[in-house]
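Q: I'll drop the sequence and a predicted model, then ask my questions.
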Amino acid sequence: VKMGLPCYMIGITKEIRNKIGKTYGDVISVEIEKDEEERVIELPIEFEERLKLNKEAYKFYESLSYSNKRKYFQWITSAKKEETKIKRIEEAIEKLENNIKL
């Protein structure tokens, strides 16, 4: 949030404040740089194979933003059991085929 020249306010989580030894309301200096690296998600092989077999699902998945792709990745890979992972892959394909974001 712009607070007047040259001052801006950026929200910092409690965890980060504790790590840097600061508290609410303290002033800090930060350097911000633009991250221009391409963001790539390495899909689980089972999901990638199933996705490529379904043209509609694949087309919609490819149209998603990085953040939406990451949601699918996290949902699938967070499964603790293999059968849960397989079930989520099937559900993901169905959702993507119907143009549904998580």
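A: Nice, thanks for sending it over.
Q: just checking, next helix/strand downstream of the lowest-mean-pLDDT helix or strand in the chain?
A: Scoring the helices and strands of the chain by mean pLDDT, DSSP states H and E places helix 14-20 at the bottom, with a mean of 92. Using DSSP states H and E, the helix or strand that follows helix 14-20 in sequence is helix 45-53.
Q: Can you show me the CA trace of the helix or strand following that following helix as CSV?
A: Moving toward the C-terminus from helix 45-53, the next helix or strand (DSSP H and E) is helix 55-63. This file holds the C-alpha atoms of helix 55-63, laid out as CSV (Å, rounded to 0.1, in the frame of the first residue of the first chain):
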residue,chain,number,x,y,z
LYS,A,55,-8.0,-33.9,-25.3
GLU,A,56,-10.7,-31.8,-23.7
ALA,A,57,-9.2,-32.1,-20.2
TYR,A,58,-5.7,-31.4,-21.6
LYS,A,59,-6.8,-28.4,-23.5
PHE,A,60,-8.5,-26.8,-20.5
TYR,A,61,-5.6,-27.7,-18.2
GLU,A,62,-3.2,-26.0,-20.6
SER,A,63,-5.3,-22.8,-20.6
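Q: If you count contacts, what does helix 55-63 end up packed against?
A: With contacts defined as 3 or more CB pairs under 8 Å, 6 or more residues apart in numbering; DSSP states H and E, the packing partners of helix 55-63 are helix 45-53, helix 82-97. Any C-beta I mention is one placed from the backbone N, CA and C, and that applies to glycine too.
Q: Next, the angle from that helix to helix 45-53.
A: Angle of helix 55-63 versus helix 45-53, following axes from the mean of the first three to the mean of the last three CA atoms, to 10 degrees, is 110 degrees.
Q: Could you look up the next helix or strand downstream of helix 55-63?
A: helix 66-77.
Q: So for that following helix, mean pLDDT?
A: In this model, helix 66-77 has an average pLDDT of 96.
Q: Could you check the angle it makes with helix 82-97?
A: Angle, helix 66-77 to helix 82-97, by the same axes, to 10 degrees: 150 degrees.
Q: What residues of helix 66-77 count as buried?
A: Buried positions in helix 66-77, judged by neighbour count with 16 or more other CB atoms under 10 Å: Lys69, Tyr72, Phe73, Trp75, Ile76.
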